[in-house]
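Participant: Here's my sequence, what's the structure:
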Amino acid sequence: MSIHSISTHSSISSHSTVSRDDIVNNTSNNNNNNNNNNLLTPPLNDDDFAPQAYDPEDAQSQLSGNLSSTLSRAESLKMVRTETAKSLKNLGLNKVISIADPIRPSNINNPIFPEEYTLETSTGLVPVETLHEIGRSRSKAQSGTTSSFNRFPTNYNQDNEDDEDIQLEKEKEKEQQKNQDLDEESQSSKINPPFDPEIQFVTFYINDPENPHNWKPFLRWTYTIILSLMVVCVAFGSSIVTGALGPMSEKYHVSTEVSILSCSLMVLGFSVGPLIWSPLSEQIGRRPVYFISFGLYFIFNIPCAVAPNIGTILVCRFLCGVFAASGLANVGGSISDMFPTETRGKAIAYFAAAPYGGPVIGPLVGGFITRYNGRISLIFWVNFAFSGLMWIVGSLIPETYAPVILKRRAKKLRNETGNEKIMTEQEAAGLSLKELIETCLYRPLKFAITEPVLDLMCFYVCLIYSLLYAFFFAYPVVFGELYNFGDDLVGLVLIPIIIGAGLALLTTPIIESYYVKMCQTRNPTPEDRLIGAMIGSPFPAIALWILGSTSEKHIFWVGPASSGLAFGYGMVLIYYSLNNYIIDTYAKYAASALATKVFLRSAGGAAFPLFTMQMYHKLGLRWASYLLAFITTAMIILPFAFYKWGKSLRKRFCKENFSAFPDDDDE
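Facilitator: From the prediction side, this is the model:
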């Protein structure tokens, strides 16, 4: 399909007669003037030039009517420029459907143009018919392959080329393969009806200021810091109550286990929220989701502060977790929206520290409030103020999700041009919010059941996240009961975890630079992302061995406190590395894979606090820590095993290759 035209404006005098030849000649002149831009004007129909009866009494009105009709017709033919097959090939597009960047909506089945949300073109529009010209069709998108002839070996014996029997056999095989391909294409077309060839997909322009990748680095990093602070706010809110479990039990006359539920239920809400906010963000964008969810989180801190009984606190804390989960579910996506794949690793590293740094600050603040004020309500009012601040600041971040930005642009172009065929592929697929929710609910659960590779990685992430919350409830036993520390000092002992996380943030740029250099020398694989996990995996085990070995009355408190340094360092490296590994391994459905991770991680984080204190009381300080150390030590081998055998494990156990590197199994 050629590039379509811009406009036809006739220079028509009010004192002359409008004839067919005048308009045709004028149209021809316009086409010649626009020839350098490869623009063509759609031809006018013969009906537009039907002979008109001349009435002397109504000559002026007839002339005016013809002029108005011609201008209206010319205006209705106004169309925007679109890409050609040649221009797409110059941009590097071909008939092979590439694995999409995680920025693509995860619910579009068999896309023919996944590059729509990251590609920049000179015209901003790519017709479906032009995609057909380079060999793309919806029926072929499922396999992600080229045409059938590429499946035949090209290294057959040339000496037998003239052998008639061999030639006949080859022709027969080709004919059978051709018929098979036609049958597959026909069957796939029934499942995935082809798009209207007149549809034009919207893309960003070259150096488009609305493309988040083109925003100034200062702005992108400022937004990254704000988004990371939103995650800190969410994680901070979940753990701040751990500094006041005793006073809460006394005020509401409940056991310590019931008070612990105020933490566990909010973390449990983190596992439910992503199933709501992730699909909604793909429909309406990141910014509205943050505004709605954080606004509700902000509001529901009020009933927690004024609650007359423990039941009100528990219900509202769970709802706070559901609403605040948008930060955990979508912030990683927002950061990915702003940074290309090659440079987003450093930004993701800072985000990776937020879900683990935030919970450490919570007990520190909660402990000091309890020690010097004693009011349980003040803890919730502090959380209310922090969430309100982040709600306001987060509202200043513009929309970052490319599919939604382009949907708004497509709507604007439809209104301006009157061309209803201008849209995004997401709109062309006709996905409703109901279908979106069903897809985002079903696939994460399906992955949790059918993808053992993902399950192992999620289990490791879940273990590390659960151990973090275990520290919050083990430290009051170790330092509160053994060393007689108050709630404020117990919170201070958590500072080494923050220091360790900070050291990990200094290490991640080095790992990321090594990864970029490696990508320049050879094709990368998802397993290359595991370098950080291999470095970090021994440290959580070391931390627990130190904690168990030094939890003795005669040993200075710095001994067990130093365990937090090793744990914080390994924790961030492992999470950062495995997060990138999951994205690269399940790039085609990265959002669903990450939703599975968040669900399992939060479920583990909610469960561990319920038995940690009892475990330390029953087994003793040493053997409770040793038990966790044995489990963590056994997991050290996991990133090393996947680094060596990950490709073969994925090939054997994954249902299909979802990887960002579709050819890595063929190397």
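
Participant: Tell me, how many residues neighbour Lys644?
Facilitator: Counted with other Cβ atoms under 10 Å, residues neighbouring Lys644 total 12. For the C-beta atoms, the positions are set from N, CA and C on the backbone; glycine is no exception.

Participant: Equivalent analysis for Trp623, please.
Facilitator: So Trp623, with other Cβ under 10 Å, has 14 neighbours.

Participant: Would you confirm that it contacts Gly548?
Facilitator: Yes: Trp623 lies in contact with Gly548 (Cβ atoms under 8 Å); the separation is 7.3 Å.

Participant: what are the phi and psi angles of His617?
Facilitator: Summarising the backbone geometry of His617 under the convention degrees, to the nearest 10, its torsions are phi -70, psi -40.

Participant: Ok, Ile335 next?
Facilitator: According to degrees, to the nearest 10, the main-chain angles of Ile335 amount to phi -70, psi -40.

Participant: can you tell me which residues contact it?
Facilitator: With Cβ atoms under 8 Å, 6 or more residues apart in numbering as the criterion, the residues that contact Ile335 are 224, 227, 344, 347-348, 351.

Participant: Buried residues of the strand or helix carrying Leu229, list them for me.
Facilitator: Taking DSSP states H and E as the definition, Leu229 sits inside helix 217-239. By neighbour count, and taking 16 or more other Cβ atoms under 10 Å as the criterion, the buried residues in helix 217-239 are 220-221, 223-224, 226-239.

Participant: Can you list the helices and strands that it packs against?
Facilitator: In terms of contacts (3 or more Cβ pairs under 8 Å, 6 or more residues apart in numbering; DSSP states H and E), helix 217-239 is packed against helix 256-272, helix 286-305, helix 310-338, helix 344-372, helix 376-394.

Participant: now for those helices, which one comes closest to Ile499?
Facilitator: Go through these one by one with Cβ to Cβ and the one that ends up closest to Ile499 is helix 344-372, at 10.0 Å.

Participant: Now do the closest one against helix 217-239, angle only.
Facilitator: Regarding helix 344-372 and helix 217-239, their directions subtend 40 degrees when assessed with axes from the mean of the first three to the mean of the last three Cα atoms, to 10 degrees.

Participant: just to revisit the earlier point, mean pLDDT and distance to Ile555 added to the helices and strands packed on helix 217-239, as CSV?
Facilitator: Written out in CSV, the entries for the helices and strands packed on helix 217-239 read as follows (pLDDT from 0 to 100; distance: least, Cβ to Cβ, whole Å):
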stretch, mean pLDDT, distance to Ile555
helix 256-272, 91, 26
helix 286-305, 94, 39
helix 310-338, 90, 37
helix 344-372, 81, 23
helix 376-394, 94, 32
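
Participant: pLDDT score for the closest residue to Ile206 other than its chain neighbours?
Facilitator: Counting by Cβ to Cβ, 6 or more residues apart in numbering, Ile206 lies nearest to Glu120, which is 4.7 Å off, once chain neighbours are set aside. Listed pLDDT for Glu120 reads 88.

Participant: was I right about Glu120 contacting Asn207?
Facilitator: Yes: checked against Cβ under 8 Å, the pair Glu120 and Asn207 is within contact range at 7.1 Å.

Participant: coming back round to it: so which of the helices and strands packed on helix 217-239 gets nearest Leu578?
Facilitator: For those, proximity to Leu578 was assessed by Cβ to Cβ; helix 344-372 is nearest, at 9.3 Å.

Participant: Can you check what angle separates that closest one from helix 310-338?
Facilitator: Computed by the same axes, to 10 degrees, the angle between helix 344-372 and helix 310-338 is 160 degrees.

Participant: helices and strands around helix 344-372, which ones?
Facilitator: helix 217-239, helix 310-338, helix 376-394, helix 452-475, helix 487-492, helix 495-521, helix 563-585.

Participant: Can you give the distance of stretch 334-351 from its chain's centre?
Facilitator: Counting by Cα atoms, centre = their mean, to the nearest Å, stretch 334-351 is centred 11 Å from the centre of its parent chain.
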